[in-house]
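Turn this into a structure:
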Amino acid sequence: MTYGVGLAFLAIGTWVACDAEPSGADAAGADAAPCVPLLTGITVVGAAEPGARVRLTAQLAAFAPPGVAEVIAWRVGAGAGELSATVGPSIDWDLSSELARHVAELVRVTATASVPGCAVEETVLELTVDHPSGRRVIVLLDDRVPGVEQVADAYAALRGVPDENRCRLSPSDPTSLPGDEYPVLLDDVLACVARARAEVHYLVPLYGVPYKVRGRIGDLGTPTVKVETSLDALLAFGARSVELARPIDNLLYRFGSSITGTYVPWLPIGEYRAANPEPIFIVSRLDGATAADTLALVERTAAADVLAVAGALAGTVYVDGNRGLPHPTIDPFGSYEGGEWNIIGVDRLFTDLGWYEVVADYQPEEFGTAPAPLVAPDALYYAGWYSFNAYADVFTWQPGAIGGHLDSCSACDLRGGPSWSANALRRGITATFGAVNEPYVAGMPDYDQLFTYLTQGANFGEAAYQATVVGAWMMVFVGDPLYRPYPQGSR
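From the prediction side, this is the model:
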């Protein structure tokens, strides 16, 4: 890859050759005549990544005198890395591995040329240095599971995840991990994180890695009773998670009010981590009924990426409330009214944006049961509730579709059975979320906030975690956390 930045050169008066003999005022430099430009910019060849080596070459102006290239002097900012030489037409720059720990960093390199009788001329290149997003991902897999390596290969190709960022685990159960095994699994994960070349922001478990854990977290309502909870939600807290015995505040949550439609803007995970020393991860998995189904999910994501970059995602937004009209006048946290407003907010968001058709129904009957709509074709986004551990097979999912159903068992079984999330994945949704056990309304994401953050430019993982109040609890997110429906922050 080649970059070039030059400085404009403006001269008034008479051009002189740069090797002219200076005399009088010229020799003192006070009234030096303008000279032929020497430099037009700098090119860099190589990837501008922390720890990488790039080649810098000064670009000479067309009429620069002979010998200028050999006396070009170079410098870089403090902490930006080491130069192979400080003088010459081309040099190597070893970028510091400490650059861009959590966010992209702008660094400057300066080339300076001077010849007798002419003012010193300088050109500056500003270079954005960052790790590719795939280097901030650790993929968790159990390579004893047939077909899972192919899933890892496909995801690595999509996101540029290096081979060394594959973390191989050996859980005793592919679905629900015994609680006493959790510390061992966590140690293995953290060892993989420590070996990565970049600060890790995302953990992506694959099909075959358990998504539930038993006997570690007390119930939200009765803390002394240990219940089966989301393994992914626990892993999000990293090293601290082994000490947790009950649900706690999700550190990534950003405050929002569904009833007023006001939300603290989303924050890129790198900016959060840069400001907060305690490691916390976004955990979103690639999963399904089989390894082949999971591979198909990766392929759907790749197709959705193409549409997203082109601003071509298309379809209908479906909203299914159940509290009737008029809407509730209150919105207490964790209440049914609060859950309804989480749904209403999705209607309001997309109606106000005007990007897609919105079909909203607030009768107690769900989609597929009259008088609610009987079918939901071309579904791009969905937010609704509440049938327990069930999926109404009325949706035709568009590429890039995201949706979730608020019920207490929406992801009890990600790989089969009647669970909403499992069946939505089987039918072609690109990203979904659900509860592995009773979450209470408080434990579910705020749907309106999740979709708001997506429309602002957040990726799926950022939007999901920043819209979920309770951490170390019941939520499991399924889909590529790096999937970003609106890379420019708009349609």
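
what residues are up against the residue lying closest to residue 166 once chain neighbours are set aside?
Excluding its sequence neighbours, the residue lying closest to residue 166 (CB to CB, 6 or more residues apart in numbering) is residue 139, at 5.2 Å. The way it works is simple: take the backbone N, C-alpha and C, and place the C-beta from them, glycine included. By CB atoms under 8 Å, 6 or more residues apart in numbering, the residues touching residue 139 are 152, 155-156, 161, 165-167, 204-206.

Tell me if residue 139 really is in a strand.
Yes: counting by DSSP: H, G, I helix; E, B strand; the rest coil, residue 139 is part of a strand.

which residues does it form a beta bridge with?
Taking DSSP bridges, one obtains residue 166, residue 204 as the residues bridged to residue 139.

Relative to residue 148, how far out is it?
Going from residue 139 to residue 148 by CB to CB, to the nearest Å gives 10 Å.

Can you work out which residues contact both of the two?
What both residue 139 and residue 148 touch, as defined by CB under 8 Å, 6+ apart, is the set residue 206.

returning to what we had before: closest to residue 99 out of the contacts of residue 139?
Looking at the contacts of residue 139 and their distance to residue 99, the nearest is residue 165, at 19.0 Å (CB to CB).

Going by distance to residue 239, which of the contacts of residue 139 wins?
Nearest member of the contacts of residue 139 to residue 239, counting by CB to CB, is residue 167, at 15.2 Å.

Average pLDDT for the helix or strand containing residue 91, rounded please.
Element membership for residue 91 (DSSP states H and E) is strand 90-95. The pLDDT scores in strand 90-95 average 97.

Can you list the buried residues in it?
For strand 90-95, burial by neighbour count (16 or more other CB atoms under 10 Å) applies to 91, 93, 95.

Against which helices or strands is the helix or strand that that strand is followed by packed?
Of the helices and strands lying after strand 90-95 in sequence (DSSP H and E), the nearest is strand 105-113. Applying 3 or more CB pairs under 8 Å, 6 or more residues apart in numbering; DSSP states H and E, one finds that strand 105-113 contacts strand 39-45, strand 53-60, strand 73-76, strand 121-129.

and the most centrally placed residue in the chain, what is it in contact with?
The centre of the chain sits closest to residue 482, judged by CA atoms, centre = their mean, with a distance of 4.0 Å. Contacts for residue 482 were tallied using CB under 8 Å, 6+ apart; they are 133, 137, 159, 202, 459-461.

Excluding residues flanking it in the chain, which one is nearest it?
residue 459 (5.3 Å).

Can you report how many residues neighbour the one you found?
Burial of residue 459 is recorded as 25 neighbouring residues (other CB atoms under 10 Å).

is it true that it touches residue 479?
No: in this structure, residue 459 is not within contact of residue 479 by CB atoms under 8 Å, at 9.9 Å.

Only alpha carbons, please: show the strand ranked longest in the chain as CSV.
Longest strand in the chain, counting residues (DSSP state E): strand 395-405. Extracted as CSV, the C-alpha positions of strand 395-405 are listed here (Å, rounded to 0.1, in the frame of the first residue of the first chain):
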residue,chain,number,x,y,z
PHE,A,395,-40.2,-14.5,8.7
THR,A,396,-38.3,-14.4,5.5
TRP,A,397,-34.9,-13.0,6.5
GLN,A,398,-33.0,-10.6,4.2
PRO,A,399,-29.2,-10.5,4.0
GLY,A,400,-27.9,-8.7,7.0
ALA,A,401,-31.0,-9.3,9.1
ILE,A,402,-30.8,-8.8,12.9
GLY,A,403,-33.5,-9.6,15.4
GLY,A,404,-34.4,-10.9,18.8
HIS,A,405,-37.5,-12.1,20.7
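
quick one: average confidence on it?
98.

any residues touching the helix or strand that it is followed by, and which ones?
Once the chain leaves strand 395-405, the next helix or strand it forms, by DSSP H and E, is helix 420-427. By CB under 8 Å, 6+ apart, the residues outside helix 420-427 that reach it are 287-289, 293, 297, 389-391, 393, 395-397, 403-405, 407, 410-411, 413-416, 432-434, 476, 478.

Mind doing that once more with 6 Å?
Residues outside helix 420-427 that contact it (CB atoms under 6 Å, 6 or more residues apart in numbering): 288-289, 391, 397, 405, 410-411, 413-414, 432, 434.

now stretch 73-81
Residues outside stretch 73-81 that contact it (CB under 6 Å, 6+ apart): 83, 86-87, 91, 93-96, 107-112.

Swap in 10 Å and give it another go.
The contact list for stretch 73-81, computed with CB atoms under 10 Å, 6 or more residues apart in numbering, reads 42, 50-54, 56, 58, 82-88, 90-99, 105-114, 120, 122, 125, 127, 129.

Need the buried ones from the residues you listed selected in PyMOL.
Selecting only the buried entries of those in PyMOL, with 16+ other CB under 10 Å as the criterion:
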select buried, resi 42+50+52+54+56+58+83+88+91+93+95+96+99+105+107+109+111+112+113+114+125+127+129
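
What sits closest to residue 413 if chain neighbours are left out?
Using CB to CB, 6+ apart, the closest residue to residue 413 is residue 419 (4.9 Å).

measure that neighbour to residue 403 for me?
To residue 403, residue 419 is 14 Å away according to CB to CB.

circling back: show me which positions of the longest strand of the chain end up buried.
Here strand 395-405 shows 395, 397-405 as buried, counting by 16+ other CB under 10 Å.

Now do the helices in the protein.
In the chain, the helices defined using DSSP state H lie at 25-28, 148-159, 182-195, 231-235, 269-275, 291-309, 336-353, 420-427, 447-456, 460-466.

And the fifth one, how far out from the chain middle?
So the one you mean is helix 269-275. Distance of helix 269-275 from its chain centroid, counting by CA atoms, centre = their mean, to the nearest Å, is 12 Å.
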